[in-house]
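S.K.: What follows is a predicted structure for the sequence shown.
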Amino acid sequence: MTAVPWRDGAQELRRLVVAENGVPDRIEDVALAWRAFRAFLAVPLDGLFDRWESADAEADTLLVDFGVFHREENLPGLLLVRRFDVPSVEWHDGRPGEPSDDEDDLDLDLADTVQVELELTFASGITAEIYDLWTAARSGEFAAEDLTEAESLVMALSEARPLRSRIDLVNPN
């Protein structure tokens, strides 16, 4: 499979939602959201931080979380996150800038944690206890059993209808 630049991760996820006959900003089906996100997890991302050889480095991680995510309406939401590390870049207005050409900066072993998020917002009263994370062996290579486990958590909400959705590339720091 062809790698996608990490900066294009949100656009790739949007494309996969459309391929599932969904509307990226108005996903109304949890199963559709999961199918698109699972397909996105199989896409290798190019340009990830490669200077850490440690097994502790979470170069490509799936996170599934359900809760209230600090919105003014305090509505519950399901958050599907693909989190990864990239060489440190400056962020401007919530968007990553270009890497520095300054030779002094090139020698630094600095990384930013970045994530592509798909958030589904539900009506109040929807509850679930969902939180877990899994790390891929390499970018785009999540273990089948991990994806099956994640799917079972997500599909616990399959009867609930999302009110809206959001896909974005963010720096969570």
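M.R.: Perfect, thanks for sending it. Numbering: from 1, shown residues only.

S.K.: need the helices for the protein, in chain order.
M.R.: 9-19, 30-41, 103-106, 144-154 (DSSP state H).

S.K.: relative to helix 144-154, how tilted is the longest one?
M.R.: Counting by axes from the mean of the first three to the mean of the last three CA atoms, to 10 degrees, helix 30-41 lies at 150 degrees to helix 144-154.

S.K.: got a list of what A3 touches?
M.R.: Residues in contact with A3 (CB atoms under 8 Å, 6 or more residues apart in numbering) are 43-46, 139-140. No exception for glycine: its C-beta is placed from N, CA and C like everyone else's.

S.K.: ok, 6 Å please
M.R.: When contacts are counted by CB atoms under 6 Å, 6 or more residues apart in numbering, A3 touches 44, 46.

S.K.: per-residue confidence at it?
M.R.: On pLDDT, A3 comes in at 92.

S.K.: give me the number of residues near F66?
M.R.: 21 (other CB atoms under 10 Å).

S.K.: W134 contacts A144, doesn't it?
M.R.: No: counting by CB atoms under 6 Å, W134 does not reach A144; the two are 11.1 Å apart.

S.K.: Looking at the helices of the chain, which one is packed in the most?
M.R.: helix 30-41 (a mean of 21; mean count of other CB atoms under 10 Å).

S.K.: quick one: that helix to helix 9-19, angle?
M.R.: Using the same axes, to 10 degrees: helix 30-41 against helix 9-19 is 130 degrees.

S.K.: Okay, now the unreliable bits of this protein?
M.R.: 50-58, 69-72, 89-111 (pLDDT under 70).

S.K.: and the nearest residue to Y131 once chain neighbours are set aside, how many neighbours does it have?
M.R.: Excluding the flanking residues, the one nearest Y131 by CB to CB, 6 or more residues apart in numbering is D65, at 5.0 Å. Other residues near D65 come to 17 when the count uses other CB under 10 Å.

S.K.: That's all I had, so thanks and see you.
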